[in-house]
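>>> Sequence plus predicted model, see below.
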Amino acid sequence: FGCSIGTFVRRRRVEAAARDLTTSGATIAGVATAHGFTDQSHFTRQFRRYMGLTPREYQDRVRSQS
């Protein structure tokens, strides 16, 4: 896949969390915890790295397109 196993796993966790951010009623902190991130700030840094937006920006953008 052109990346380390750690990078692959983090990317998959972020992708799964992104789905939950838009389909569940959970808070960002709740989604972060559910997907194994140590805290919301760690989740936000990783999410921004892979998705290019903060979790809140992502939620707002996806919800406004619906």
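Cool, the structure landed.
>>> Buried residues of stretch 37-46, list them for me.
Buried residues in stretch 37-46, defined by neighbour count with 16 or more other C-beta atoms under 10 Å: 37, 40, 43, 44, 46. The C-beta positions use only the backbone N, C-alpha and C, and glycine is treated the same way.
>>> which of those sit farthest apart?
Pairwise distances across the buried residues of stretch 37-46 (C-beta to C-beta) peak at 10.9 Å, for the pair 40 and 46.
>>> picking up where we left off before, among the buried residues of stretch 37-46, which one lies nearest to residue 29?
Nearest member of the buried residues of stretch 37-46 to residue 29, counting by C-beta to C-beta, is residue 40, at 4.5 Å.
>>> Quick check: closest non-adjacent residue to that closest one.
residue 29 (4.5 Å; C-beta to C-beta, 6 or more residues apart in numbering).
>>> measure that neighbour to residue 54 for me?
Residue 29 sits at a distance of 13 Å from residue 54 (criterion: C-beta to C-beta, to the nearest Å).
>>> same deal with residue 28?
In terms of C-beta to C-beta, residue 28 sits 9 Å off from residue 54.
>>> Okay, and which of the buried residues of stretch 37-46 map to helices?
Among the buried residues of stretch 37-46, the residues falling in helices (DSSP state H) are 40, 43, 44, 46.
>>> before we move on, the earlier item: between residue 28 and residue 54, point out the one with more neighbours.
Set side by side, residue 28 and residue 54 show more neighbours around residue 28, with 19 against 15, by other C-beta atoms under 10 Å.
>>> give the contact list for the more buried one.
By C-beta atoms under 8 Å, 6 or more residues apart in numbering, residue 28 lies in contact with 21, 40, 43, 44, 55, 56, 59.
>>> Recalculate using a threshold of 6 Å.
40, 55 (C-beta atoms under 6 Å, 6 or more residues apart in numbering).
>>> same deal with residue 37?
Counted by C-beta under 6 Å, 6+ apart, residue 37 has contacts residue 43.
>>> go with 10 Å
10, 13, 14, 17, 29, 31, 43, 44, 45, 46, 47 (C-beta atoms under 10 Å, 6 or more residues apart in numbering).
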